[in-house]
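# okay, here's the prediction I keep looking at, along with the sequence it came from:
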Number of protein chains: 2
Amino acid sequence: MAPGIDSLSHMARKKPLSFDPIDEASRQWGRRWGAVEQMRAVTSLMRAQQIVIGELDEILRVHGLTFARFEALVLLTFSRRGSLPLGKMGERLQVHPTSVTSIVRRLEAAGLVTRTPHPDDGRAILCEITPAGRELVERATADLVAADFALRGLTEEQLRMLWSVLQPLRHTAGDFT
Amino acid sequence: MAPGIDSLSHMARKKPLSFDPIDEASRQWGRRWGAVEQMRAVTSLMRAQQIVIGELDEILRVHGLTFARFEALVLLTFSRRGSLPLGKMGERLQVHPTSVTSIVRRLEAAGLVTRTPHPDDGRAILCEITPAGRELVERATADLVAADFALRGLTEEQLRMLWSVLQPLRHTAGDFT
DNA sequence: CCAAACTACTAGGACGTCCTACTAAATACC
DNA sequence: GGTATTTAGTAGGACGTCCTAGTAGTTTGG
């Protein structure tokens, strides 16, 4: 994923397609292969994620954040002491350990978190959110909420439906028991 | 996204969480901020996409492909002459022009497509799928279909629901009219 | 009590995505 | 026709994600 992504910068100029490219592709797909519904759902999922992450990053750009970094900050905000070992963060955020290192490094460079050795475990690093980090989270959150997390247009029912349809998928993948 | 991603490599070892981290976060979220349903839906969307792309890339890895490259090959397969200008490909695949350059360069390096100057437009490059490319698409597709595009576990109804919920989102983003 | 196994994190690299220039060719407009 | 604008693609860079390999600290077992 990426930094400030303005999904519209190159889309806005060029006229949108006069047809749904995914729906069109699914028709051609069906003539040759199977699993049409799956193919259509997967492609939609990929594209929708791309659209949403792009809009979220666009909103967060003025705060010098990306959605990945925002999520990490929020996680720290939710923790009792405002700090967590990196490994724990990766577990909760469900990203690879090395991704956490990358994210935290940038947050630290921006003065939003500090990295200190874990007092009880010499291997671990404690990541703690700074006052500046807490303030930024509040401002950034307000913007995201105001924009309905780029999901304006979906009804409450559709939002719940989206979540509930994806939940078994996450469960099957072993995200939780 | 990425290359051969084995979502299980670091997940399999560590026990899955005993709770749904997204559901848990949404509870904490609700105590402070609004748009809980949106936040939960967005987080689910992000994570689900990550899971699916990881499994798809894993399946395609034995063929030396990623899902992005696979999609490009399929698009060429669907075209009349088996060739398209790069710009057209980006339009259909709905990715940035520079992403197409990157994808096609790797496909060319693998001998799956050729790049030739467009006969009628000196600015454009025609990307054409090779016989090896066509054969590979068939094999890779068979594997993806056999794996239900990593969506095993979702019913036909859920698949249609997923697509239909995401369609207005894509439409609002200006993907099509 | 010391060696073996495990755990937490970092280093370096691949990939796909985006963005901002920049070049070259085609088209539009005097 | 000749210049100005638009369009197609490339170059180089940032970011997040993954992976493999390696280091240092902790825990386990004999």
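Looks like it arrived, so ask away. Bear in mind the structure is a predicted one, so any value in this text is a computation, not a measurement. Residues are numbered from 1 along each chain as shown, chains lettered A, B, ... in the order given.
# near DNA strand D, anything from the helix or strand where residue A:161 lies?
Per DSSP states H and E: residue A:161 is located in helix A:156-172. No: Helix A:156-172 stays out of contact with DNA strand D when judged by CB under 7 Å from any atom of the strand, the minimum separation being 12.9 Å. (Each C-beta comes from the backbone N, C-alpha and C, glycine too.)
# so where's chain A shaky on pLDDT?
Low-confidence segments of chain A (pLDDT under 70): A:1-15.
# swap the cut-off to 90 and go again
Residue ranges of chain A with pLDDT under 90: A:1-19, A:23-24, A:34, A:152-153, A:172-177.
# quick one, strands of it?
For chain A, applying DSSP state E gives strands covering A:83-85, A:113-117, A:125-129.
# strand partners of the last one, parallel vs antiparallel please.
Put plainly, it is strand A:125-129. In the sheet, strand A:125-129 lines up against strand A:83-85 (antiparallel), strand A:113-117 (antiparallel) (DSSP bridges).
# quick one: contacts for the residue nearest to residue A:30 when sequence neighbours are not counted?
Using CB to CB, 6 or more residues apart in numbering or on different chains and skipping the chain neighbours, the partner closest in space to residue A:30 is residue A:36 (4.6 Å). With contact taken as CB atoms under 8 Å, 6 or more residues apart in numbering or on different chains, residue A:36 is in contact with A:26, A:29-30.
# drop anything exposed from the residues you listed.
A:26, A:29 (16 or more other CB atoms under 10 Å in any protein chain shown).
# how about the contacts of residue A:36 in a markdown table, adding distance to residue B:177?
What follows is the contacts of residue A:36, written out as a markdown table (distance: CB to CB, whole Å):
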| residue | distance to residue B:177 |
| --- | --- |
| A:26 | 18 |
| A:29 | 22 |
| A:30 | 23 |
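# now intersect the contacts of residue A:36 with the helices, please.
A:26, A:29-30 (DSSP state H).
# for DNA strand D, tell me which of those residues show up nearby.
Within the ones in helices among the contacts of residue A:36, nothing lies near DNA strand D by CB under 7 Å from any atom of the strand.
# closest one to chain B out of those residues, please.
residue A:29 (7.8 Å; CB to the nearest CB).
# give the burial count for residue A:109, as a bare number.
9 (other CB atoms under 10 Å in any protein chain shown).
# one more: residue A:65?
26.
# isn't it right up against residue A:137?
No: under the criterion of CB atoms under 8 Å, residue A:65 is not in contact with residue A:137, lying 9.0 Å apart.
# overlap in contacts, the two.
By CB under 8 Å, 6+ apart, the residues touching both residue A:65 and residue A:137 are residue A:73.
# next, the angle helix B:36-61 makes with the lengthiest helix in chain A.
Scanning chain A for the longest helix, with DSSP H as the assignment, gives helix A:36-61. Between helix A:36-61 and helix B:36-61, the angle comes out at 120 degrees (axes from the mean of the first three to the mean of the last three CA atoms, to 10 degrees).
# just give me how far helix A:36-61 sits from the chain centre.
Counting by CA atoms, centre = their mean, to the nearest Å, helix A:36-61 is centred 11 Å from the centre of its parent chain.
# same deal with stretch A:147-156?
Distance, centroid of stretch A:147-156 to centroid of chain: 15 Å (CA atoms, centre = their mean).
# same question, stretch A:47-64
So, by CA atoms, centre = their mean, the centroid of stretch A:47-64 is 9 Å from its chain's centroid.
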